[in-house]
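**Student:** Please work out how this folds:
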Amino acid sequence: MIWLGVSCKSEKDDPGPSIPGVPSSFGFNSLKVNDAYSGFKYMDVNLKPKIRFTFSAPLNNASVASGLTFQTAAGENIAFASTLENGDSSVVITPSANLAYLAKYAVTATKALKSKAGGMLLNEVKVELTTALDSTDKFPAITDEALLTLVQQQTFKYFWDFAHPASGLARERNTSGDVVTSGGSGFGIMTIPIAVERKFITRAQGLERMQKVVGFLQKAQTFHGAFPHWLNGATGVAVPFSEKDNGADLVETSFLVQGLLMARQYFNQNSAAETALRADISKIWEAVEWDWFRKNNENVLYWHWSPNFGWDMNHQIRGWNECLITYVLAAASPTHGIDKTVYDNGWAGNNTFTNGKEFYGIALPLGEALGGPLFFSHYSFLGLNPTGLTDRFANYFTQNKAHTLINYNYCKANPQQFFGYSDQCWGLTASDIPGGYNANSPSNDRGVITPTAALSAFPYTPAESMKALKFFYYKLGDKIWGEYGFRDAFSLDQLWYADSYLAIDQGPVVVMIENHRTALPWKLFMSNPEVKTGLKKLGFSSPGI
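**Tutor:** Sure thing, here's the model as predicted:
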């Protein structure tokens, strides 16, 4: 087996038999970094490490300068000092100046290294180093409450300053141009009442933005009242999410309607403008043909329908996942409601719906092993208040708290030994990853932490989420804090930091922090009379219904 260019049959190279008159090649014997050996990859290294290579023959001192390299990940040379020891068969290397924090380096003994007898090193030996985190605070300390407000205000700017100028809707991500997202816009709509109450904007400004959004939505392309996943923010025409996903997306529609119904409750004044806004929102809500998405009256809802491909995607909406809100709104609709049978047989009829097993000593009532990505406990519960919400399957606050604590404890235990995971640096959910996108979870872990995961969990794990927030802001703020709050994701293991912001990740940060602080989004959404009716129809009980 060859490992980083080193034969690992005994941790030594066999120089082989010598040939008379020809200088013998020599081999690598051992390695230590800071007086310890643990392979050829070292994490959390101090800024002036000591690397010691030991070989099978004394080294020619004149070859050390050319035979050893110390380089950054970009291939830049680092000045270093070297000392021969152990009868010149060992060389100790230290950088001349402190290395950078959180950076990758490679120290290599190349075949240009010679023995005193003139022999050549048999195999190149390379050791990889990743330096430690700079533990100093990157920003001045402020109170916890001030920090929560700062995060909400900065993140809100994604939906306010960066909204599409024609529609007021949220762009899918910070590089999306005219492409806006229906579900992410629903999350953004939910941030507006919060921003008014926190005085980030005035009520008049919030009302004006809502009038723009709702006016645009009334003219946008829909399919049996349901919106597509993506829209052109200037024209309102559907933008395909994939080849066959070019029509209705019932789940994204439910996220949008969740936001609209919250706004309808907030803008409750008797002025002509707010009265008209409420009426317009009601028209959009009542136009969604939830019952039509049963596909020929089956007792299950379907996620997609295309004007070109019909039901070809054939994606039934079954739990446990992020889609509880879809069934609640479908039951709540005053014009196109579904019966409880559809909920029982469709949503809860999946044979993987219930769980009941323990993970890290925590019982998980519903869903897949280890809980899945944390957005399952965020998206539906931006408006639905899980506190005291129960049906015959679960207590939903218990479910969401258990799910979050399992995710937290998994990151703390770090079974895959990803550098950087800890009780301060945790949270796995869908996000950008190096080279793509992934639904990160304990069972699908790529070493990437997504700030929205821990921050949107504040109602469930306030102490653990605050610890993560302080780490993200104070310790990593120079790398992941930007104009719209925390960037989408990062990996300390891979020293990768996303330059992206995504609407579906930014929105829950603002909304769920507010649910933790004042429960305003929950109070507004749960005060909708149709929502109360829908929950009762499906067999839920809650203190507010």
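**Student:** From residue 91, how far out is the most centrally placed residue in the chain?
**Tutor:** A centroid search over the chain (Cα atoms, centre = their mean) returns residue 450, at 3.0 Å, as the residue closest to the centre. Distance of residue 450 to residue 91, given as Cβ to Cβ, to the nearest Å: 43 Å. In short, each C-beta sits where N, CA and C put it, glycine included.
**Student:** cool, and residue 538?
**Tutor:** To residue 91, residue 538 is 72 Å away according to Cβ to Cβ.
**Student:** same check, this time on residue 296
**Tutor:** Counting by Cβ to Cβ - residue 296 and residue 91 are separated by 76 Å.
**Student:** More neighbours: which of those two?
**Tutor:** Set side by side, residue 296 and residue 91 show more neighbours around residue 91, with 22 against 7, by other Cβ atoms under 10 Å.
**Student:** Am I right that that one falls within a helix?
**Tutor:** No: remark: residue 91 does not belong to a helix; assigned using DSSP: H, G, I helix; E, B strand; the rest coil, it is strand.
**Student:** Go ahead and confirm it touches residue 84.
**Tutor:** Yes: if you go by Cβ atoms under 8 Å, residue 91 and residue 84 touch, sitting 5.7 Å apart.
**Student:** Show me the protein divided up by domain.
**Tutor:** As assigned by automatic domain parsing, the chain contains the domains 2-17+25-131, 144-537.
**Student:** Show the end-to-end separation of the longest one, please.
**Tutor:** What it means is domain 144-537. 41 Å (Cα to Cα, to the nearest Å).
**Student:** And the average pLDDT for that domain is what?
**Tutor:** Domain 144-537 shows a mean pLDDT of 98.
**Student:** Return the distance of it from the chain's centre.
**Tutor:** 13 Å (Cα atoms, centre = their mean, to the nearest Å).
**Student:** can you offset everything so residue one is 788?
**Tutor:** Okay, using 788 as the starting number, the last item reads as domain 931-1324.
**Student:** thinking again about what came up before, now for residue 878 and residue 871: what residues contact both?
**Tutor:** Listed as contacting both residue 878 and residue 871 by Cβ atoms under 8 Å, 6 or more residues apart in numbering are 846, 851.
**Student:** do you know how far the nearest residue to residue 1323 once chain neighbours are set aside is from residue 1299?
**Tutor:** Nearest residue to residue 1323 in three dimensions, chain neighbours excluded: residue 1332, at 6.0 Å (Cβ to Cβ, 6 or more residues apart in numbering). Applying Cβ to Cβ, the value for residue 1332 to residue 1299 is 21 Å.
**Student:** again with residue 1322
**Tutor:** 20 Å.
**Student:** between those two, which one's more packed in?
**Tutor:** Shown here are residue 1322 and residue 1299; by other Cβ under 10 Å, residue 1299 has more neighbours (25 against 21).
**Student:** List the residues that contact the more buried one.
**Tutor:** 1165, 1168-1169, 1242-1246.
**Student:** And the contacts of stretch 1131-1145?
**Tutor:** 1085-1088, 1103-1107, 1110-1111, 1114, 1150-1156, 1180.
**Student:** I figured residue 887 was touching residue 918, is that so?
**Tutor:** Yes: under the criterion of Cβ under 8 Å, residue 887 makes contact with residue 918 at 6.5 Å.
**Student:** who has more neighbours, those two?
**Tutor:** Legend: neighbour count by other Cβ under 10 Å for residue 887 and residue 918, higher for residue 918 (22 against 13).
**Student:** Residue 836 versus the more buried one, what's the distance?
**Tutor:** 8 Å.
**Student:** between those two, what contacts are shared?
**Tutor:** With contacts taken as Cβ under 8 Å, 6+ apart, residue 918 and residue 836 have residue 886 as neighbours in common.
**Student:** Pick the most buried one from the domains of the chain.
**Tutor:** Highest mean neighbour count of the domains of the chain: domain 931-1324, a mean of 21 (counted as mean count of other Cβ atoms under 10 Å).
**Student:** re earlier: which one, of the domains of the chain, ends up nearest to residue 924?
**Tutor:** Set against residue 924 and scored by Cβ to Cβ, these come closest in domain 931-1324, at 4.4 Å.
**Student:** quick one: residue 890 and residue 859 touch, right?
**Tutor:** Yes: in this structure residue 890 lies within contact range of residue 859 using Cβ under 8 Å: 6.8 Å.
**Student:** which stretches of the stretch 788-937 of the chain aren't confidently modelled?
**Tutor:** Under the criterion pLDDT under 70, the flagged ranges of the stretch 788-937 of the chain are 788-809.
**Student:** if you set the cut-off to 80 instead, what comes out?
**Tutor:** Residues of the stretch 788-937 of the chain that meet the criterion pLDDT under 80 lie in 788-810.
**Student:** all helices in the stretch 988-1137 of the chain, in order from the N-terminus.
**Tutor:** For the stretch 988-1137 of the chain, the helices defined by DSSP state H, counting those that start in this stretch occupy 990-1006, 1037-1053, 1059-1074, 1111-1119, 1127-1129.
**Student:** Any chance of JSON lines for these, columns distance to residue 852?
**Tutor:** Shown next, in JSON lines, are these (distance: least, Cβ to Cβ, whole Å):
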{"stretch": "helix 990-1006", "distance to residue 852": "65"}
{"stretch": "helix 1037-1053", "distance to residue 852": "61"}
{"stretch": "helix 1059-1074", "distance to residue 852": "73"}
{"stretch": "helix 1111-1119", "distance to residue 852": "65"}
{"stretch": "helix 1127-1129", "distance to residue 852": "75"}
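**Student:** Which of the ones you listed sits closest to residue 1225?
**Tutor:** helix 1037-1053 (19.1 Å).
**Student:** Residue 905 against residue 810, yeah?
**Tutor:** Yes: using Cβ under 8 Å, residue 905 is in contact with residue 810, at 3.6 Å.
**Student:** Can you name the residues in contact with stretch 1077-1085?
**Tutor:** For stretch 1077-1085, contacts defined as Cβ under 8 Å, 6+ apart pick out 1011, 1013, 1035, 1037, 1087-1089, 1092, 1098, 1116-1117, 1120, 1123-1125, 1129, 1133.
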